[in-house]
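Visitor: Quick one, what's the 3D model for this:
(2 chains)
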Amino acid sequence: MSELDWLEAQSIYILREAYNRIGKPVLLWSLGKDSNVMIWLAKKAFLGSIPFPVMHLDTGLEFPEVYAFRDRYGAEWSLNLIADLCPPIEETDPTLPPASRLSARKTLGLKQALARYGFSGVIAGIRRDEQATRGKERVFSPRAEDGQWDFRDQPPEFWDQFTTEYPAGVHVRVHPLLHWTEIDIWRYIARERIPVVPLYFARDGKRYRSLGEIGITFPIESQAKDIPAIIRELESTREPERAGRAMDHESEDAFERLRVAGYM
Amino acid sequence: MAHDVTPLVRAPRGRAMPIVIVGHVDHGKSTLVGRLLHDTNSLSDAKVAQLRVMSAKRGLDVEWSFLLDALQVERDQGITVDTTQVWFQSSRRRYVIIDAPGHREFLRNMLTGAASADAAILVVDAKIGVSEQTRRHAYLLNLIGLKQVIVAINKMDLVGGDRDRFDGLASEVGEYLAGIGIRPLASVPVSAKHGDNIATASLSMPWYRGPTLVEALDAHESLPPPARGPLRFPVQDVYRFGDRRAIVGRIESGRLSVGDELRFAPHGATSRIASIEAWGRTERQISAEAGDSVALTLEEELFVERGYLASRLDERPFEASAVIAKVFWLDHEPLVAGRRLSLRINTAQYDVAVSAIERVIDVDTLTEATADRVDQNGVALVRLQSKRPMLVDSFASSPRTGRGALVDGYRVVGGCIVERALMTSADSAAERQSAPVVFGSNEENGGAVIWLTGLSGAGKSTLATALHRRLAARGLRSHVLDGDELRRVLSGDLDFSAQARSEPRGLPAGRSRNLPVARSQGPLCPCQCGRDQAVHRCFGALRDTDRSRPCP
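Guide: From the prediction side, this is the model:
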């Protein structure tokens, strides 16, 4: 069994567990490369048609290419898409640094959707290798009513026996891609021919390695115009994936604060 | 927007090998991991720069542990709270390192990390030596089946690289490990702080001629799910698509192909695999093996649901009403006999009662004693009893279907491995040796159950006895199992309480499936749920004539 086969089988298993065990799940589609892989895996898990809604937490500040991609593949993949606008920045925690406040809008957008649609589980495409606090996550990770992550008291999780039942008011985050690395994602995108937003490919010597909102996401120097070039670049890079994401670098614990408060 | 793909993209061979770093708190596990990453050139420049800033802020030299201690509280207090995974590459393969906390309070997190590992590095502080927690970690590794262990005697710089100190400690750890059945592949003297014998041989300990830590890791084997074992396919869910039904799940052991005949426990019905369904594949899939998540359609439409377990006809799992299991207990509230829990094995969930705590194991001295409770982080041999047959293997014969989690309400409170199954439907040698007589529709074992149910005094036993005589006259062997006989002979410990009365009916149903002879049975079965359970167990071999009485 190759690495990609193993990762694929594991993610499919997790998605099927989520569907079986969670009353009302929703899958988050950020439109980035990881969540496209997640949609692809969900189509495999459920034999072509995803049996729950897919949600884009829209800040209104995505790149035009991202919106174009959403419109095209939302239809092509027959997704049951929810794309409500997140609450404005004024409603976020004012003590957070500026870029983090923008990201915190998504946390509020998620809370709004949980209340509005009554979802009991949120499937998100985070990976352990992206960012150190995400390295501490569980595959099934409970969140208190206010969305907070209590990293001091996470449930034991072994042999794929996930904590799937929760008291009222608690919702669960499910992370089917937790075991994947950035390079696995690209190898899988290549193998499966999964479409991605063209901003990932270099134009005029720059490309986006990680996609977020306009104004807080910056491209990296790169000549990688196609996937094999991206993979070669990743095999030799000395830079972390999220170097272009402003919110990660505003203070030592900026990302941790966001995540504890309910960010993905 | 789609893109061109050239065939130049190489997929890595085999999966990254997961290894876990365990040992006592403060013996330097996180530092070791940080160093392993640095010395194998796996860190980005920005990460190292960030590390220097975080370390300087706290008045420290480069603190390698900060790489994994991602949480503010971990850096400030200098301990690891939860497991982290990071990746590195040796010349042989890619690794996922799982850094597990050593603090006693976080043993559940240690197990969370260790349960997915193929190999472990047991870290021991050269100055402080082996501690109770070192032994507890080692014991639990072995319990969960992790046998590939490397001992790293760390902080050798603090003992001046002393060879005698190393030899003494290495043999002390080795002796303990031998006592629990682990033979470490290597014991390596290291200094994580300075990078001695991590990825490069130490200059300060020239007396050591063994492998570096990375070389020792490279000598271990990655352990994929066992494709060569008996087929075990636990049903995860059943999906309807179009007018067909797909049975989905992950193969835990063995392999299967289109056309293979599967037997589904607990009802024992069989069918051939019609197809392996997949979305987005160009060629038709015809086989799959351990580790694959698949969707099967069957030639026959069988009733199957989550928790059923498919096997080959001649390699069945146990269907046990009780198991002896080795439990590791993680809950703060001690485990006592009589406690009711859920046991989750693969996709099945059973309501179990802890009917006895057989022995509690002192992991420090490896002695066993009787006790009436198992404390948090303790290990014990217990007997778990279930009304429904538990579809299990012994952990020794098929680890992935012989282990489970113990759940209480919303919480996972422990885990266990099955040492042996008790009171299985297949455990009577005499029954298996009888010559089969084909009777009724249950062709596989040639037996059938005729179940007479009705109100007390309606004449079930009289009818059963008469039927028994008529069958005998035709040369068919049969046996009458009535409620009184069952209670007296097979279930002597049960009374007439509501709970106990639901038990004896289960027994004839559960036990008769492997019997090669026709039989009738006649215990009173007062509620619909009990009848359903028996129908379930004797699938296809039963003519139930009155199902109108609802559950009380």
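Visitor: Can stretch B:238-258 be said to contact chain A?
Guide: Yes: Stretch B:238-258 lies within reach of chain A by C-beta under 8 Å from any C-beta of the partner chain, at B:239, B:241, B:246, B:248-250. All C-beta spots, glycine's among them, are computed from the backbone N, C-alpha and C.
Visitor: same thing with stretch B:36-44?
Guide: Yes: using C-beta under 8 Å from any C-beta, stretch B:36-44 reaches chain A at B:Ser44.
Visitor: Output that stretch as CSV - backbone C-alpha positions only.
Guide: Output in CSV follows, covering the C-alpha atoms of stretch B:36-44 (Å, rounded to 0.1, in the frame of the first residue of the first chain):
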residue,chain,number,x,y,z
LEU,B,36,16.4,14.7,15.6
LEU,B,37,14.6,17.2,13.3
HIS,B,38,17.5,19.6,13.4
ASP,B,39,20.2,17.0,12.8
THR,B,40,18.3,15.4,9.9
ASN,B,41,18.0,18.8,8.3
SER,B,42,14.2,18.8,8.6
LEU,B,43,13.7,22.3,10.0
SER,B,44,13.0,25.4,8.1
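Visitor: Show me the residues of stretch B:238-258 next to chain A that map onto strands.
Guide: Among the residues of stretch B:238-258 next to chain A, the members found in strands (DSSP state E) are B:239, B:241, B:246, B:248-250.
Visitor: May I see the PyMOL selection of the buried members of those?
Guide: In PyMOL, a selection of the buried entries from those looks like this (16 or more other C-beta atoms under 10 Å in any protein chain shown):
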select buried, chain B and resi 239+246+248+249+250
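Visitor: want to throw the ones in strands among the residues of stretch B:238-258 next to chain A into JSON lines with pLDDT?
Guide: Formatted as JSON lines, those follow (pLDDT from 0 to 100):
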{"residue": "B:Tyr239", "pLDDT": "96"}
{"residue": "B:Phe241", "pLDDT": "82"}
{"residue": "B:Ala246", "pLDDT": "96"}
{"residue": "B:Val248", "pLDDT": "98"}
{"residue": "B:Gly249", "pLDDT": "98"}
{"residue": "B:Arg250", "pLDDT": "97"}
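Visitor: what comes up buried for stretch B:132-151?
Guide: Residues of stretch B:132-151 classed as buried: B:133-144, B:146-151 (neighbour count, 16+ other C-beta under 10 Å).
Visitor: The stretch 1-150 of chain A: helices as residue ranges?
Guide: Ranges of helices within the stretch 1-150 of chain A are A:3-21, A:33-45, A:64-76, A:98-117, based on DSSP state H, counting those that start in this stretch.
Visitor: quick check, the longest one touching chain B?
Guide: Spelled out, that is helix A:98-117. No: using C-beta under 8 Å from any C-beta, helix A:98-117 never reaches chain B; the gap is at least 14.8 Å.
Visitor: ok, A:Asp58 - contacts?
Guide: By C-beta atoms under 8 Å, 6 or more residues apart in numbering or on different chains, the residues touching A:Asp58 are A:83-86, A:109.
Visitor: cool, A:Ala246 as well?
Guide: A:Ala246 is in contact with A:99, A:216-218, counting by C-beta under 8 Å, 6+ apart.
Visitor: out of those, who's nearest chain B?
Guide: The nearest member of the contacts of A:Ala246 to chain B, counting by C-beta to the nearest C-beta, is A:Phe218 at 13.9 Å.
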